[in-house]
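Novice: after the sequence you'll find the predicted model.
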Amino acid sequence: MAIYGNTIGEVAEPAVLDGLIDSQDDQSTIEQTIDPALIEEVRTGLQQTPKRLSSRFFYDAEGSRIFQDIMHAPEYYLTRSEYEILDSYKADLLDLFAVGDRSFDLVELGAGDGLKTKLLLSHFVEEQADFAYAPVDISVDALNGLVADVRRSWPSLRLNARHDDYFNALAQLSEESDSRRVVLFLGSNIGNFTPDEAVDFYRQLHDRLRPGDLVLTGIDLQKHPAVIHAAYNDRQGLTRAFNLNLLRRLNRDLDANFDLAAFDHYETYNPETGEARSYLVSQKAQTVRIDTLDMTVPFAYGEIIHTEISRKFTPAQIEQLAQQTGFRVVKSFTDCKGYFTDVVFEKV
């Protein structure tokens, strides 16, 4: 699935969540303001051939709700696989993170609701590890919920939440602390990048870390194509609803008139490239009006909008990514089926 958080080049208004953001005025401002990045994405993406829209815009309130349901779908193995890994190897991960009982900052990029990370937090606190937790996300609502949960569950845990761009947050944290930084980038988010974007992302991470700092990355592995295909074509139609909700968001935010019944969801997986791709397909010749942009978009019958890429990796590709970006692979952990891996990179 798509990245929950910001991607390369995206900048959010920086803020330190020393307390919860609970002002009604702040929330209404957020809800009423049209994201300029969405405007630019629609203006340019729907004029390309083929048409495309970034998966980062899947996650409005309804999209986030649908994705929570997707994570519980029988076919969607990714969340369960990574949860199993973190639960099974939490002690091993703490040994890697806190060598010699040294302190560390656990920095999570695109923290969301922290579902899987809470497994680690619980174990680390129980073991009295010397660490601080710094979740980073561009969603104020997600951070508010996560901060509240963490403070309720572990009131003594040092918490340093950031509503900010990933790389801004890392740069600021490096100025505030001399502790080792352990960056979490979970959920197979790296699969939403093209190969060049993935290299660029890890090089930017490398530039903002010190030698010996670690990155724990969740990565979906290549496997039987039918398993991967089914994960994005669940029988309940949740992924279809998730994809189509992007058009519903454009109708609401940009005063468009997409007829959701005139579009369908299509997913394909290519085992040669390891790429799962999601599309919206026009089921008839039609014209869509987007009033906010004073824009008319024609669609031919069968024309597609490319909305998402989700790459699956081989172990050799993971090693290559580390070598290209100034890291080394310290350790890899997999679930019992070998579907998914969490890999520890160290800056060298």
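Specialist: It's in. Numbering: from 1, shown residues only.

Novice: and stretch 198-213, how far out from the chain middle?
Specialist: Taking CA atoms, centre = their mean, to the nearest Å, the mean C-alpha location of stretch 198-213 is offset from the chain mean by 17 Å.

Novice: list the buried residues for that stretch?
Specialist: 198, 201-202, 204-206, 208-209, 213 (16 or more other CB atoms under 10 Å). For the C-beta atoms, the positions are set from N, CA and C on the backbone; glycine is no exception.

Novice: can you tell me which of the residues you listed lies nearest to L106?
Specialist: For the buried residues of stretch 198-213, the residue nearest L106 by CB to CB is D213; the value is 11.6 Å.

Novice: give me the phi and psi angles of the closest one.
Specialist: Note on D213: backbone dihedrals following degrees, to the nearest 10 are phi -70, psi 150.

Novice: go on, L173?
Specialist: Per-residue torsions, L173: phi -60, psi -30 (degrees, to the nearest 10).

Novice: could you point out which element follows the helix or strand of the chain with the lowest mean pLDDT?
Specialist: Every helix and strand in the chain was compared by mean pLDDT, DSSP states H and E; the lowest is helix 24-32, with a mean of 36. For helix 24-32, the succeeding helix or strand toward the C-terminus, using DSSP states H and E, is helix 36-45.

Novice: would you list every one of the helices in this protein?
Specialist: Assigned by DSSP state H, the helices in the chain fall at 24-32, 36-45, 61-71, 77-88, 90-97, 117-126, 140-153, 166-176, 195-207, 225-231, 238-254, 315-324.

Novice: if you count neighbours, what's buried in the second one?
Specialist: What it means is helix 36-45. 37-38, 41-42, 45.

Novice: just the shortest one next, same as before
Specialist: For helix 225-231, burial by neighbour count (16+ other CB under 10 Å) applies to 228, 230-231.

Novice: same question, the fifth one
Specialist: Using 16+ other CB under 10 Å as the test for burial, helix 90-97 gives 90, 93-94, 97.

Novice: among those, which two are most distant?
Specialist: The largest separation in those, counting by CB to CB, is between K90 and F97 at 10.3 Å.

Novice: pretty sure F333 sits against L221.
Specialist: No - look at F333 against L221 with CB atoms under 8 Å: they stay out of range, at 11.8 Å.

Novice: so between the two, which is more surrounded?
Specialist: L221 (22 against 18; other CB atoms under 10 Å).

Novice: give the contact list for the more buried one.
Specialist: Applying CB atoms under 8 Å, 6 or more residues apart in numbering to L221 gives the contacts 312-315, 334, 338-341.

Novice: just the closest of those to A73, please.
Specialist: Y339 (14.8 Å).

Novice: just give the nearest non-adjacent residue to that closest one, would you?
Specialist: Excluding the flanking residues, the one nearest Y339 by CB to CB, 6 or more residues apart in numbering is S81, at 4.8 Å.

Novice: isn't the one you found right up against K337?
Specialist: Yes - contact criterion CB under 8 Å: S81 and K337 qualify, at 7.0 Å.

Novice: quick one: which of the two has more around it?
Specialist: Neighbours were counted for S81 and for K337 using other CB under 10 Å; S81 has more, 22 against 13.

Novice: circling back to that earlier point, so what sits against both of F333 and L221?
Specialist: Counting by CB under 8 Å, 6+ apart, the residues touching both F333 and L221 are T341.

Novice: what confidence value was assigned to D342?
Specialist: Here, the pLDDT recorded for D342 equals 98.

Novice: write down the beta-bridge partners of it, one by one.
Specialist: G218, F333 (DSSP bridges).

Novice: how about it, what does it touch?
Specialist: Applying CB under 8 Å, 6+ apart to D342 gives the contacts 82, 85-86, 89, 186, 216-219, 332-333.

Novice: please tell me how far it sits from L143.
Specialist: Distance, D342 to L143, using CB to CB, to the nearest Å: 23 Å.

Novice: again, but for E108
Specialist: E108 sits 11 Å away from L143, going by CB to CB.

Novice: shared neighbours, the two?
Specialist: With CB under 8 Å, 6+ apart, E108 and L143 have common neighbours P135.

Novice: hang on, the earlier thing: which among the contacts of L221 count as buried?
Specialist: 312-313, 334, 339-341.

Novice: among the residues you listed, give me the pair with the biggest separation.
Specialist: Between any two of those (CB to CB), the greatest distance is 13.5 Å, for K312 and T334.

Novice: returning to that earlier point: in CSV, list the buried ones among the contacts of L221 along with distance to E319.
Specialist: Shown next, in CSV, are these (distance: CB to CB, whole Å):
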residue, distance to E319
K312, 15
F313, 10
T334, 15
Y339, 19
F340, 17
T341, 12
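
Novice: what bridges to the spatially closest residue to T268 that is not a sequence neighbour?
Specialist: Distances taken as CB to CB, 6+ apart put R277 closest to T268, at 5.4 Å, once the chain neighbours are dropped. Assessed by DSSP bridges, R277 has beta-bridge partners T268, I309.
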